[in-house]
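In: dropping the sequence and predicted coords here.
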Amino acid sequence: MKIIEAIKKKREFSGLPNSIVERVAEMSKGDVKESRALLRKYFGVFLTNKILKGKISDDEMLVSHMSSKKRDYEKFYGEIFSEIKGVGSVIDLGCGVNGFSYKYLRDVVGNVDYVGVEATGQLVEYMNRYFRKENFSARAVAGDLFDVGSVLRILKRAKKNRVVFLFQVVDALENLERDFSKKFILEISKECEKIILSLPTESLGGRKKFAVRRKWLLDFLREDFVIEKDFVRGGERIICFRK
């Protein structure tokens, strides 16, 4: 479609799957400017000019974006996994730049298999280059979370016990399709042992704090799952749960 080609002429969107661009174009009724604004809100926020031009080191990746910049990963993973033992693999859905935190994850849970699923092709490329260089037991995959069948295939191939990360992706999913999150969580819960979900408690810049109510989500989780841990750290509310 010509509209997809027009939207993807911008370098920051060139690495996104056509399926995502098409969905946003339909929401924006074919308006290129509005489509790009929506994509930038949920995908382009990770892509600074330095990242797009490849002028950033691996060590700078985690501090290049607000959502990862605020995390003390040693304490973050330490608290998440304090009571979770025998992890076989971590599948990080909508991972953004989070793959660059693998060394901190490994310090907490050992040389665990890691799969990062990310829509932005540039980040997938950078993460895989980093994993190969460091010889980590990790890989990144380009994917659209709305392609649930593809996500389930990744989960089925992953080593048990499987822990799924859903860090700050619920809002993006809901804005692209209302109530999709509940259907998505129910489906992926069939192919993993635990899910770790996080919600922001403040704006990306940290200037605005807000209560994380999400009553619809919490009611859903309490009704269909066992919540094992619920805590706030560094601008995020983290909820650990299982079927």
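Out: The structure has been received and is ready for your questions.
In: now do G234 against L93, distance only.
Out: Distance of G234 to L93, computed by Cβ to Cβ, to the nearest Å: 20 Å. Bear in mind the C-beta positions are built from the backbone N, C-alpha and C, glycine included.
In: and those two? which has more neighbours close in?
Out: L93 (23 against 17; other Cβ atoms under 10 Å).
In: was I right to think that one contacts F165?
Out: Yes. Here L93 reaches F165: they are 6.5 Å apart, a contact under Cβ atoms under 8 Å.
In: leaving out chain neighbours, which residue sits closest to R106?
Out: Nearest residue to R106, sequence neighbours excluded (Cβ to Cβ, 6 or more residues apart in numbering): V112, at 6.8 Å.
In: what of L155?
Out: Counting by Cβ to Cβ, 6+ apart, the residue nearest L155 is E191, at 3.7 Å.
In: OK, contacts around that neighbour?
Out: Neighbouring residues of E191 by Cβ atoms under 8 Å, 6 or more residues apart in numbering: L152, L155, K156, R162.
In: now, the residues you listed that are in strands?
Out: R162 (DSSP state E).
In: can you read off the backbone torsions of G96?
Out: In this entry, G96 is assigned phi and psi values of phi 60, psi -130 (degrees, to the nearest 10).
In: from L186, how far out is it?
Out: 24 Å.
In: neighbour count: these two, which is higher?
Out: Taking other Cβ under 10 Å, G96 and L186 do not tie; G96 has more neighbours (23 against 13).
In: now do the SS call for I91.
Out: strand (DSSP: H, G, I helix; E, B strand; the rest coil).
In: hey, what's it bridged with?
Out: V115, V164 (DSSP bridges).
In: show me what contacts it?
Out: So I91 contacts Y114, V115, V117, I154, L155, A158, R162, V163, V164, F165, C192 (Cβ under 8 Å, 6+ apart).
In: hang on, isn't the last one packed against V163?
Out: Read that as C192. Yes. Assessed by Cβ under 8 Å, C192 is found in contact with V163 at 6.9 Å.
In: let's see the pLDDT reported for the residue positioned nearest the centre of the chain.
Out: The centroid of the chain falls nearest to G94 when counting by Cα atoms, centre = their mean (2.5 Å). Looking at G94, its pLDDT stands at 94.
In: check the gap between it and F131 for me.
Out: Distance from G94 to F131, by Cβ to Cβ: 18 Å.
In: where does R214 land on pLDDT?
Out: 75.
In: please read the previous query as pertaining to D171.
Out: On pLDDT, D171 comes in at 86.
In: contact partners for it?
Out: L199, P200.
In: which SS class is it?
Out: Recorded secondary structure, D171: helix (three-state DSSP).
In: mind listing what's buried along the host helix or strand of R139?
Out: Per DSSP states H and E, R139 falls inside strand 138-142. The neighbour-count check on strand 138-142 (16 or more other Cβ atoms under 10 Å) flags A138, A140, V141, A142 as buried.
In: ok, so of those residues, who is nearest D59?
Out: Closest approach to D59 among those (Cβ to Cβ): A138, at 16.5 Å.
In: which residue packs closest to the closest one, ignoring adjacent ones?
Out: Closest to A138 by Cβ to Cβ, 6+ apart is Y114, at 3.8 Å.
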